[in-house]
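*Asks:* Let's see this in three dimensions:
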Amino acid sequence: KDQEVIWAAGFGFADIDAGIEATPNTPFGLASVTKPIAAALIMDLVEEGPIDLDALVSSYGVDLPDGDGVTVRHLLTHTSEGTPGTVHDYNGDRYGYLGGVIEGATGRSFSDLLGERVLVPLEMTDTALNPMSSWDGASTFGFEEFRRSLGWGDSFSHYPDVYERLAQPYQFDDDYSVIPGMYHLTHSPAAGGISSVADLAKFDMALEDGLILGDAALLEMLSPAVQTLPGRFDLGYGLGWYVQDF
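*Replies:* Residues are numbered from 1 along each chain as shown. Coordinates of the predicted model:
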């Protein structure tokens, strides 16, 4: 309320066997909620100048097999397939190539810039990325750059305990009994983030307060750029965000 958290709670257990209860600061896997966070980072780079939304992704060294005419905006709006810009076709693999755009435009990794520009300034101490970078489908890691291989980037050593506090995932077996599950190992701008509800609240408030983006960039990101279903003008997709009025 009024840009302040007035209530927060955790429900259930972060680890059933160990009896660890979930709290508002328990890190969970974000899956595709990583996309809007990455979109905010990209719009920050658009504001600053390294990235042009209407530049061809090939100009940043990103080669798609059917990438003729595909721009950064097309990847952000999931309209890069078929005739670019015409049809919304949600595709996390395609969105992941924005990691290559970030690297080509800045010479820095997604994880480095996310830490430097978002996580550290906002003190998002419950937030990290899955262990290995794989925006192009090829995971890379090595002992020489261990922090980078763990998704922390150059800035992430501030919060080394996120993995230790990460909630244990669960899934159903063939008989629909609950058994321990596992997270994916890789991250890209499309998926692989880790965060808590408390940190996501920090991120949300920072967007509203102008701490990440200026008004024009925020409005463009959150304005409907394309319909997600034919004839449904109330169901839109902006730049990395689903957009709907209530």
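
*Asks:* which residues of this structure fall in strands?
*Replies:* 13-15, 20-21, 28-31, 128-129, 132-133, 170-172, 178-180, 186-187, 193-195, 226-227, 236-237, 242-243 (DSSP state E).

*Asks:* Give the lowest-confidence helix or strand of the protein, using mean pLDDT as the measure.
*Replies:* helix 146-149 (a mean of 46; mean pLDDT, DSSP states H and E).

*Asks:* what's the spacing between the closest residue to residue 53 other than its chain neighbours and residue 114?
*Replies:* Of all residues not flanking residue 53 in the chain, residue 73 sits nearest, at 4.4 Å (C-beta to C-beta, 6 or more residues apart in numbering). (Each C-beta comes from the backbone N, C-alpha and C, glycine too.) As judged by C-beta to C-beta, to the nearest Å, residue 73 and residue 114 stand 21 Å apart.

*Asks:* Settle it for me: which of those two has more neighbours?
*Replies:* The neighbour comparison of residue 73 against residue 114 (other C-beta atoms under 10 Å) goes to residue 114, with 30 against 21.

*Asks:* What is the longest helix of the chain by residue count?
*Replies:* Ranked by residue count under DSSP state H, the longest helix found in the chain is helix 34-48.

*Asks:* roughly how far is that helix from the heart of the chain?
*Replies:* Its chain's C-alpha centre and that of helix 34-48 lie 9 Å apart, by C-alpha atoms, centre = their mean, to the nearest Å.

*Asks:* and if you look at stretch 193-206?
*Replies:* Worked out by C-alpha atoms, centre = their mean, stretch 193-206 lies 11 Å from the chain centre.

*Asks:* Using PDB, write down the CA coordinates of it.
*Replies:* Provided in PDB are the C-alpha atoms of stretch 193-206 (Å, rounded to 0.1, in the frame of the first residue of the first chain):
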ATOM      1  CA  GLY A 193      16.000 -16.700 -11.900                       C
ATOM      2  CA  ILE A 194      15.700 -17.400  -8.100                       C
ATOM      3  CA  SER A 195      14.000 -15.000  -5.800                       C
ATOM      4  CA  SER A 196      11.700 -14.500  -2.800                       C
ATOM      5  CA  VAL A 197       8.300 -12.700  -2.600                       C
ATOM      6  CA  ALA A 198      10.000 -10.000  -0.500                       C
ATOM      7  CA  ASP A 199      12.600  -9.300  -3.200                       C
ATOM      8  CA  LEU A 200      10.000  -9.300  -6.000                       C
ATOM      9  CA  ALA A 201       8.200  -6.700  -3.900                       C
ATOM     10  CA  LYS A 202      11.400  -4.600  -3.800                       C
ATOM     11  CA  PHE A 203      11.700  -4.900  -7.600                       C
ATOM     12  CA  ASP A 204       8.000  -3.900  -8.200                       C
ATOM     13  CA  MET A 205       8.300  -0.900  -5.900                       C
ATOM     14  CA  ALA A 206      11.600   0.200  -7.500                       C
END
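
*Asks:* thinking again about what came up before, residues touching the longest helix of the chain, excluding its own?
*Replies:* 30, 51-53, 72, 76, 92, 95, 98, 101-102, 105-106, 110, 113-114, 117-118, 129, 187-193, 203, 207, 212-214, 217-218, 220-221, 239-241 (C-beta atoms under 8 Å, 6 or more residues apart in numbering).

*Asks:* just to revisit the earlier point, let's have the strands of the chain in CSV, adding distance to residue 80.
*Replies:* CSV is the format used below for the strands of the chain (distance: least, C-beta to C-beta, whole Å):
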stretch, distance to residue 80
strand 13-15, 37
strand 20-21, 42
strand 28-31, 21
strand 128-129, 23
strand 132-133, 21
strand 170-172, 31
strand 178-180, 37
strand 186-187, 20
strand 193-195, 22
strand 226-227, 11
strand 236-237, 13
strand 242-243, 17
